[in-house]
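Colleague: coords below, sequence missing:
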């Protein structure tokens, strides 16, 4: 395609959230975070394996496919990006076509990942958790159905940036720890935040880390605020969507 053809097709797909360079055409040149997400990825790209030869990758909430295509650049044998927005998926397919990096893109919700029937060496779950009405359920489903080894995770965080590790148990009469700013907390957004009706939850740092552990993901790297590289491990007893019970059986 000529640059003019690329520009016409980029413009025809409407507003882009991923600012990418497609054959000399920037997809979101006026993005309030210029160069996002590439500019952000540079700060933590070193924690993702540089060589993904023979590996499979699932990109949940892939948007226009930046991370999917980056994993193809690192040699991943199979990359599947899923999103529930058809316009974003069309953008991702165009980016794949222009760059020549072959990835598959499919309309699928994170709550439907069990339908894939396969596990992936690397699951990317960036910028999705806070848009979900049922965030811990999503992490449980990822662990139970699609994660084989690594999880690259990011969520918007608000509140305390230090991560408090609570005691294993507290007496019923002890309540002061709930008022500690660094206690794991999810801030519920009933209406809108940043004029976005899809923002439902904003965890503090401790809550994000505790939720990962609770779903069965051990944190390996924390290269920058909000970003974690995790490894799938055995989930704590009682984790999961149905009748969860914390801790060992009585």
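Modeller: Noted; the coordinates are in hand. Just so you know, these numbers come straight off a predicted model, no measurement behind them.
Colleague: tell me how far residue 135 lies from residue 227.
Modeller: Distance of residue 135 to residue 227, given as CB to CB, to the nearest Å: 17 Å. Where you see a C-beta, it was placed from the backbone N, CA and C, and this is true even at glycine.
Colleague: of these two, who's got more company?
Modeller: Applying other CB atoms under 10 Å to residue 135 and residue 227 shows that residue 135 carries more neighbours, namely 22 against 18.
Colleague: and the pLDDT for residue 240?
Modeller: Looking at residue 240, its pLDDT reads 67.
Colleague: shaky segments in this structure?
Modeller: Within the chain, the stretches with pLDDT under 70 are 240-250.
Colleague: tell me which stretches of it form helices.
Modeller: 3-12, 38-41, 66-73, 86-99, 135-141, 205-215 (DSSP state H).
Colleague: which among these is found nearest to residue 151?
Modeller: helix 205-215 (7.9 Å; CB to CB).
Colleague: buried set for the closest one?
Modeller: Residues 205, 206, 207, 208, 209, 210, 211, 212, 213, 214, 215 are the ones in helix 205-215 that count as buried (16 or more other CB atoms under 10 Å).
Colleague: do stretch 6-16 as well
Modeller: For stretch 6-16, the neighbour count (16+ other CB under 10 Å) marks 6, 7, 9, 10, 13, 16 as buried.
Colleague: between the residues you listed, which sits nearest residue 93?
Modeller: Of all these, residue 13 has the smallest distance to residue 93: 9.6 Å, by CB to CB.
Colleague: quick one: the closest one and residue 90 touch, right?
Modeller: Yes - with contact defined as CB atoms under 8 Å, residue 13 reaches residue 90; the gap is 5.6 Å.
Colleague: distance check, residue 79 against residue 30.
Modeller: Using CB to CB, residue 79 is found at 28 Å from residue 30.
Colleague: between the two, which one's more packed in?
Modeller: Applying other CB under 10 Å to residue 79 and residue 30 shows that residue 79 carries more neighbours, namely 29 against 8.
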